[in-house]
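Q: Quick one, what's the 3D model for this:
(chains A and B)
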Amino acid sequence: MWQPNKLESERLDKLARLSQLGIEAYPRRVRRTHTIARATAEFEALENNDGAEAAEGLEVTVCGRIRRVNIKGKITFMHIEDESGRVQILLRVNELGEEFYDAIKEKLIDTDDFVQAAGTMMRTRAGEISVLTHELTLLSKSLSPLPVIKQQVMDDGTVIEYGEFSDIEQRYRQRYADLAVNRNVRDVFRKRAEIIRALRRFFDTEGFLEVETPILQAVYGGAAARPFVTHHNQLKQDLYLRISFELYLKRLLVGGYDAVYEIGRDFRNEGVSYKHNPEFTMVEFYKAYTDYRGVMDITERLIAFVAKEVLGRTQITFQGQDIELAPPWPRLTLRDAIKQHAEIDYMDYPTAEALEAVIRGNGGSVAPGLPWGKLVSHLFEQYVEPRLIQPTFIVDYPRDISPFAKKVDYDDFHVERFEFFIATMEMGNAFTELNDPRDQEQRFLEMAKLYRDEDDDATPLDEDYLRAMRYGMPPNGGWGMGVDRLVMLLTDQRSIRDVLLYPHLREEK
RNA sequence: GGCCCUGUAGCUCAAUUGGCAGAGCAGUUGACUCUUAAUCAAUUGGUUGUAGGUUCGAGUCCUACCAGGGUCACCA
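A: The predicted model follows:
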């Protein structure tokens, strides 16, 4: 139940006084002839072409939220803002009449209210483009004041903000307020949309078909993660929110599409951190008649393309570090990377027991009883990952942590898999996809043996997927990338929560 | 889940050894027909996250809980 605070009570009082004056606080009709950006652009164009006098004849009706009020006796300045920008409106008793102007003077119209201003464009003596308002209409009364941020518009259009709304928890819980007052936050999410558009443009022009596959799945798979479980009442059936798109997309290659991609939401029932959210946006593609080397080529081009489309360059700064995204990126085997940074050649320790012993001997700590492949991952995450600032492909992973990848040609321990890293973040994961149904079945069984049933990583055997593969699946390369992390990278945001409009938080009490 | 940090007015933050809970901004009232982080004068506003405890006295110390952040674990 809402308990109005003092500021809110004052606004409720104003609402009552407006009503007495016959001023509707939430009218049904609204009119806008110009966005604010268009009004100022047209005015400047007229000034340049036909001179100041002609420009001042320009009539506009603009709408927006009041961001600043400066009542100065019988003249009042306000700044109003719509999505396109902000403009000053100039209100004088001469144009508006005593009666309505009194309402302004009594502050019945506040900062944060939405208004419609009809008038003619002009420049003030100080040179600021303004709307000399003949008619001001209240469009929506704000009852709860937004957090206070003062802004100064500079000559070049940049806005300097003073004061702030920086309480992280409140910013996430009330993202609407965060967006309403923090312009840079609005910019991040506009950029996010551009990044996703650029991803689509890349795949579309490269001949990929965009598809949509089930989010509710009877058998989940394609990654190792604990799923969210839900239930279909009518069918009396438990269903899982997908943890990846992999198995459904590869079935489509059996169906005859050469290249497919999907952008959508994955759900993983795991911890929350600066780079993990329970639901996150994933992009995956599968392309027939190529392998993981071809996929590396695509990856480099894709990331460079998106950066160029969105930022106009491939050189970025992320949290103070300069990063060059242009290809080619170094390709380093996992084994060499660990040799180099941990000074351990895991091939010298071919059993889990031996590898665990040497990790402990080096002062590392690991949970007991991990499979060999997981110990290798552990070494990598501890010694190598924190150093991978520039884009890097890490290639050839242990077989027992990669159940969907074909083995390499040089030994039986490794498979053709790569992950790529930028700014120490794992951005994505790719394989030369396994297309031998007998081998795939074997891998499912191995995984089942390796990971106990109660293990979070137990990968259920997907019979239907094997059936699809038995019809024949073309050789293909597959790839997945965390879109949120790419957005973090290209918008220089430290936390995944800053690139999600509504990051997951505990329920408010 | 473990450990560490944080929670004070609408916002951003103070508060000495445990000793009267404060400031700026915004809000309110007044002045001002070209201001622009407007200015000037006056002024309101507090269950110090919640519940207990210690104490003559708690924003401050102790315990539990709630929420957020960090970190470790987990995340092939």
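
Q: could you measure the residue of the stretch 1-150 of chain A found nearest RNA strand B against A:Leu21, distance?
A: Nearest residue of the stretch 1-150 of chain A to RNA strand B, counting by C-beta to the nearest atom of the strand: A:Gly73, 2.0 Å away. In this view, the C-beta of every residue, glycine as well, is placed from N, C-alpha and C. Distance, A:Gly73 to A:Leu21, using C-beta to C-beta, to the nearest Å: 21 Å.

Q: circling back to that earlier point, kindly list the main-chain dihedrals of the residue of the stretch 1-150 of chain A closest to RNA strand B?
A: phi 70, psi -120 (degrees, to the nearest 10).

Q: For it, grab the count of nearby residues.
A: By the criterion of other C-beta atoms under 10 Å, A:Gly73 has 7 neighbours.

Q: How confident was the prediction at it?
A: Note on A:Gly73: pLDDT of 94.

Q: do the same with A:Gly373
A: 88.

Q: Okay, and it sits in which element?
A: helix A:372-379 (DSSP states H and E).

Q: for that helix, packing partners?
A: If contacts are counted by 3 or more C-beta pairs under 8 Å, 6 or more residues apart in numbering; DSSP states H and E, helix A:372-379 sits against helix A:334-342, helix A:352-361, strand A:392-398.

Q: Dump those into CSV; add mean neighbour count as well.
A: Converted to CSV, the helices and strands packed on helix A:372-379 look like this (neighbours: other C-beta atoms under 10 Å):
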stretch, mean neighbour count
helix A:334-342, 18
helix A:352-361, 16
strand A:392-398, 23
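
Q: Now mean pLDDT too, for those, in JSON lines please.
A: Formatted as JSON lines, those follow (pLDDT from 0 to 100):
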{"stretch": "helix A:334-342", "mean pLDDT": "94"}
{"stretch": "helix A:352-361", "mean pLDDT": "87"}
{"stretch": "strand A:392-398", "mean pLDDT": "96"}
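
Q: follow-up on the earlier one: send over the helix holding A:Gly373 as PDB, restricted to the C-alpha atoms.
A: Only the C-alpha atoms of helix A:372-379 are listed here, as PDB (Å, rounded to 0.1, in the frame of the first residue of the first chain):
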ATOM      1  CA  TRP A 372      40.300 -35.100 -15.400                       C
ATOM      2  CA  GLY A 373      38.800 -32.700 -17.900                       C
ATOM      3  CA  LYS A 374      37.400 -30.600 -15.100                       C
ATOM      4  CA  LEU A 375      40.800 -30.400 -13.500                       C
ATOM      5  CA  VAL A 376      42.200 -29.100 -16.800                       C
ATOM      6  CA  SER A 377      39.500 -26.500 -16.900                       C
ATOM      7  CA  HIS A 378      40.300 -25.500 -13.300                       C
ATOM      8  CA  LEU A 379      44.000 -25.000 -14.300                       C
END
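
Q: How about that helix and RNA strand B, any contact?
A: Yes: against RNA strand B, helix A:372-379 shows contacts by C-beta under 7 Å from any atom of the strand at A:Gly373, A:Lys374, A:Ser377, A:His378.

Q: One more: stretch A:207-223?
A: Yes: between stretch A:207-223 and RNA strand B, judged by C-beta under 7 Å from any atom of the strand, the touching residues are A:Gly222, A:Ala223.

Q: Please name the residues that touch A:Leu7.
A: A:Ser144, A:Pro145 (C-beta atoms under 8 Å, 6 or more residues apart in numbering).

Q: low-confidence ranges in the stretch 251-400 of chain A?
A: Applying pLDDT under 70 to the stretch 251-400 of chain A flags no residue at all.

Q: Would you verify that A:Asp13 is located in a strand?
A: No: assigned with DSSP: H, G, I helix; E, B strand; the rest coil, A:Asp13 falls outside any strand and is helix.

Q: confidence score at it?
A: So A:Asp13 comes in at 95 (pLDDT).

Q: do you know how far it is from A:Leu138?
A: Distance from A:Asp13 to A:Leu138, by C-beta to C-beta: 15 Å.

Q: Tell me which of these two has more neighbours.
A: A:Leu138 (20 against 11).

Q: Let me see the backbone angles for A:Asp400.
A: Phi and psi for A:Asp400, reported as degrees, to the nearest 10, are phi -80, psi 0.

Q: dump the residue contacts of it.
A: A:Pro371, A:Trp372, A:Gly373, A:Glu446, A:Met447, A:Leu450.

Q: The first one contacts A:Leu450, doesn't it?
A: Yes: using C-beta atoms under 8 Å, A:Pro371 is in contact with A:Leu450, at 5.1 Å.

Q: Neighbours of the residue nearest to A:Lys275 when sequence neighbours are not counted, how many?
A: Excluding its sequence neighbours, the residue lying closest to A:Lys275 (C-beta to C-beta, 6 or more residues apart in numbering) is A:Ile496, at 5.3 Å. Counted with other C-beta under 10 Å, residues neighbouring A:Ile496 total 22.

Q: Same question for A:Leu253.
A: Neighbour count for A:Leu253, taken as other C-beta under 10 Å: 25.

Q: All good on my end, thank you.
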